[in-house]
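Novice: fold the following for me, if possible:
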Amino acid sequence: MLFIKSYWRKCTKKIFYSQRGTAQNPDVFMQLVESSNQYYNATPDFFVEALKDFAKVVGRAYKPYEYFYYGTTAPTVAIVVMGSGVKVVQGTLKNLKSEQACLVAVRMFRPWSASMFTNAIPESVTRVAVLDRTREGGSQGEPLYLDVCTSLMHMGRGSVFVAGGRYGLGSKDFTPRMVKAVILNMLKNKKADIQRPFTVGIDDDVTHLSLPLGKPFCTLDDSVTQCVFFGFGSDGTVGGNKQAIKIIGEYHDNMQVQAYFEYDAKKSSGWSVSHLRFSPGENIEAPFRIGEGQAGYVACHNESYVQAHMFDVAKFLKRGGTFFLNTTIASLEDKEQRMAALETLVSPKILRKIAHRDVKFYIMDAGRLASQFGLTGRINMICMCVFFRLSGVLPIDDAISLLKASIRKTYSYRGESVVKKNLDILDAVVNDPHNLMQVEIPDSWKTMIANKRFLSRHIELISDEKTRKFMTEIVDPISKLEGDNIPVSKFLENHLLGGVMIPGTSKYEKRNPNPSGKTPEWNFDSCTQCNLCVFVCPHAAIR
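Specialist: Numbers count the residues shown, from 1 in each chain. Okay, here's the model as predicted:
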């Protein structure tokens, strides 16, 4: 603050007025640029002092280049990374208790200090993997990789083997199994067998730079509860989850929470996926999505998502987990009719996973219940109440009390009528056992077979071969949220180099933008012939 006040006084005195942004000719430009070298050279020492002051204020101590090792001997491999990737690598090494690998976290990238960086790497390290979250096309390596190589060479460590790799481009998820793949690559017996450069997180079957990934594994403690919610854009799922996170996080001082939300580009009427984590004590440091087979609770708030041509919502479920589905089938009175309707609606792949993983399966018609209380389409509070009731994250009585307090705070400005409707809905979910039903899972679900023609019938109707191939190999996997599994070769085969896309394909997409099932009608008496309905109607169905 003292320096800020000094700078302010200097700038407000007329004697110190100056002009900036001028242009220099070639005779003096280079001298002016080089004159700043001393300030760049002095910055690392100032940064170290600033980090000490920062630690006094917030209690977290950092260094420009930090060394982490969770083995008992001496590491031979170092992974160099910066940004959010540090926590992913750190958690993976801690979970694996690797004796060979360590982490060097870069906190200061510019200006770069070769001496500080080299001092952070133990003498026992003979191999270094550098992870960059960028791509420099045509270069010999990415910026961080080049800085590491230059520093080791200038500081007399030129014998260290360095391999550069890319990860997480375009915000692609960076997970523990990718870190493990990097470690295994660097631990190969012969240096000639080590893949460099390399990529992780994709299947590069063209230039063959990608590292093979093993099975997903969880680096978090068993005390951490992980939940995944599939919502429909504008149904309130994301807002309800944000409210739930606040309620759980404020329940007691030691409760740790984390939430991450994914949205379809279509926003309203598109899909949304919420990843929530809770822990009563352990600090949650996991900047990546919940992996397959790791969620104890999965909820699907739109029944169209479980159809065979849509999402594999059950892949997140762990053995013995809980699956909740919001569906109109729950309103059927006859049990046999409900089972038959479920087997018709739900993808056989999902049914097989539910049966094999011994999942507890619950259904409810939240839409019907919301309509009964005059809140058509707003199912967020109903589904949040179900979540607290089934997940056991909080005692149900405490959870309901906190939800009611949240409702009064959130909706009080909309009037007592809206508040009362939401409170009555919560009471109905809690007190009426007929609203939420558990499905008895038959053994026949373990051998359910999908109708392959049903899966691709909308694509088979496309007459143009090029478009059909594009829809089958690119658009269909992306629409099913499986775009990460598309190999590089498929993009080249479909002539998509440089981001080129085939136009006019949105008409082939199969989704459910109108879950209410109601079709708008033209009211002749009220119409003013303004013609706005032509482009305002989201379903192009006013007639």
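Novice: report the secondary structure element holding residue 39.
Specialist: Using DSSP states H and E, residue 39 sits in helix 37-58.
Novice: which residues sit against that helix?
Specialist: Applying C-beta atoms under 8 Å, 6 or more residues apart in numbering, the external contacts of helix 37-58 come out as 60-64, 107-108, 111, 113, 116. For every residue, glycine as well, the C-beta is placed using N, CA and C.
Novice: go with 6 Å
Specialist: Outside of helix 37-58, the residues within contact range by C-beta atoms under 6 Å, 6 or more residues apart in numbering are 61-62, 108, 111, 113.
Novice: so for that helix, what's the average pLDDT?
Specialist: The predicted model assigns helix 37-58 a mean pLDDT of 94.
Novice: may I have the strands that pair with the helix or strand following it, each with its orientation?
Specialist: Following helix 37-58 in sequence order, the next helix or strand is strand 65-68 (DSSP H and E). The pairing partners recorded for strand 65-68 under DSSP bridges are strand 101-106 (antiparallel).
Novice: and the strand or helix carrying residue 148, what's buried?
Specialist: Under DSSP H and E, the secondary-structure element containing residue 148 is helix 143-154. Across helix 143-154, burial judged by 16 or more other C-beta atoms under 10 Å covers 144-149, 151-152.
Novice: so which of these is the closest to residue 288?
Specialist: The shortest separation between residue 288 and any of those is 20.1 Å, and it belongs to residue 144 (by C-beta to C-beta).
Novice: what number of residues lie near the residue lying closest to the closest one once chain neighbours are set aside?
Specialist: In space, not counting the residues next to it along the chain, residue 144 is nearest to residue 132; the distance is 4.9 Å by C-beta to C-beta, 6 or more residues apart in numbering. A total of 24 residues lie near residue 132 under the criterion other C-beta atoms under 10 Å.
Novice: which pLDDT value goes with residue 132?
Specialist: In this prediction, residue 132 carries a pLDDT score of 97.
Novice: from residue 201, how far off is it?
Specialist: Relative to residue 201, residue 132 is positioned 13 Å away (C-beta to C-beta, to the nearest Å).
Novice: so which residue is dead centre in the protein?
Specialist: In the chain, the residue lying closest to the centroid (C-alpha atoms, centre = their mean) is residue 289, at 4.3 Å.
Novice: low pLDDT regions in the stretch 1-150 of the chain?
Specialist: By pLDDT under 70, the weakly predicted segments of the stretch 1-150 of the chain are 1-2, 12-17.
Novice: likewise the chain?
Specialist: Where the chain drops to pLDDT under 70, the residues are 1-2, 12-17, 267, 451-458, 510-519, 537-543.
Novice: so what are the domain limits for it?
Specialist: 65-199, 225-447, 452-508 (automatic domain parsing).
Novice: pipe these into a markdown table and attach distance to residue 37 per row.
Specialist: Conversion of these to a markdown table gives the following (distance: least, C-beta to C-beta, whole Å):
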| stretch | distance to residue 37 |
| --- | --- |
| domain 65-199 | 10 |
| domain 225-447 | 36 |
| domain 452-508 | 40 |
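Novice: closest one to residue 27 among these?
Specialist: Comparing these by C-beta to C-beta, domain 65-199 comes nearest, at 27.1 Å.
Novice: and the contacts of helix 37-58, which are buried?
Specialist: Members of these classed as buried by 16+ other C-beta under 10 Å are 62, 108, 113.
Novice: which of those residues lies closest to residue 230?
Specialist: Nearest to residue 230, judged by C-beta to C-beta, of these is residue 62 at 37.7 Å.
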